[in-house]
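Asker: Next input, structure requested:
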Amino acid sequence: MPKMKTSSSAAKRFSKTGTGKLKRMKAGKQHILTKKTTKLKRTLRKATLVNRTTEGNMKKILPYL
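Answerer: Got it, this is the predicted structure:
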């Protein structure tokens, strides 16, 4: 049986925590920051976990992560 291919774009964006959950960074922090509040920009800095509903799809894309 051949090896499964990992989606390299997804491998760059997601990492696994110690408990096996997937961690990601929040979107919306690249440009057009002048109209966003300081509080919103501060919360966008932090990482968050992937939803449980989409976690199954992500584990298919990232079989070896």
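
Asker: alpha carbons only for contacts and neighbour counts from here, please
Answerer: Will do.

Asker: okay, now the nearest residue to residue 23 once chain neighbours are set aside: neighbour count?
Answerer: Spatial nearest neighbour of residue 23, chain neighbours left out: residue 49 (4.5 Å); criterion: Cα to Cα, 6 or more residues apart in numbering. Residue 49 has 16 neighbours, counted by other Cα atoms under 10 Å.

Asker: Give the bridge partners for the residue nearest to the spatial centre of the chain, please.
Answerer: Nearest residue to the geometric centre of the chain (Cα atoms, centre = their mean): residue 24, 2.5 Å. Beta bridges link residue 24 to residue 48 when assigned by DSSP bridges.

Asker: pLDDT-wise, which helix or strand of this protein ranks last?
Answerer: Across the helices and strands of the chain, mean pLDDT, DSSP states H and E gives its lowest value to helix 52-61, namely a mean of 92.

Asker: Counting by contacts, list what that one packs against.
Answerer: If you count contacts as 3 or more Cα pairs under 8 Å, 6 or more residues apart in numbering; DSSP states H and E, helix 52-61 packs onto no helix or strand.

Asker: what's the distance between it and the middle of its chain?
Answerer: Using Cα atoms, centre = their mean, to the nearest Å, the mean C-alpha position of helix 52-61 is found 11 Å from that of the whole chain.

Asker: if we look at that helix, which residues are touching it?
Answerer: Residues from elsewhere that reach helix 52-61 (Cα atoms under 8 Å, 6 or more residues apart in numbering): 6-7, 10, 22, 65.

Asker: at 10 Å instead, please
Answerer: 4-11, 14, 21-22, 49-51, 62, 65 (Cα atoms under 10 Å, 6 or more residues apart in numbering).

Asker: Tell me the buried residues within those residues.
Answerer: 11, 14, 22, 49-50, 62 (16 or more other Cα atoms under 10 Å).

Asker: Kindly reformat these as JSON lines containing pLDDT and distance to residue 28.
Answerer: Shown next, in JSON lines, are the buried ones among the contacts of helix 52-61 (pLDDT from 0 to 100; distance: Cα to Cα, whole Å):
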{"residue": "11", "pLDDT": "95", "distance to residue 28": "20"}
{"residue": "14", "pLDDT": "95", "distance to residue 28": "16"}
{"residue": "22", "pLDDT": "95", "distance to residue 28": "19"}
{"residue": "49", "pLDDT": "96", "distance to residue 28": "16"}
{"residue": "50", "pLDDT": "96", "distance to residue 28": "16"}
{"residue": "62", "pLDDT": "94", "distance to residue 28": "24"}
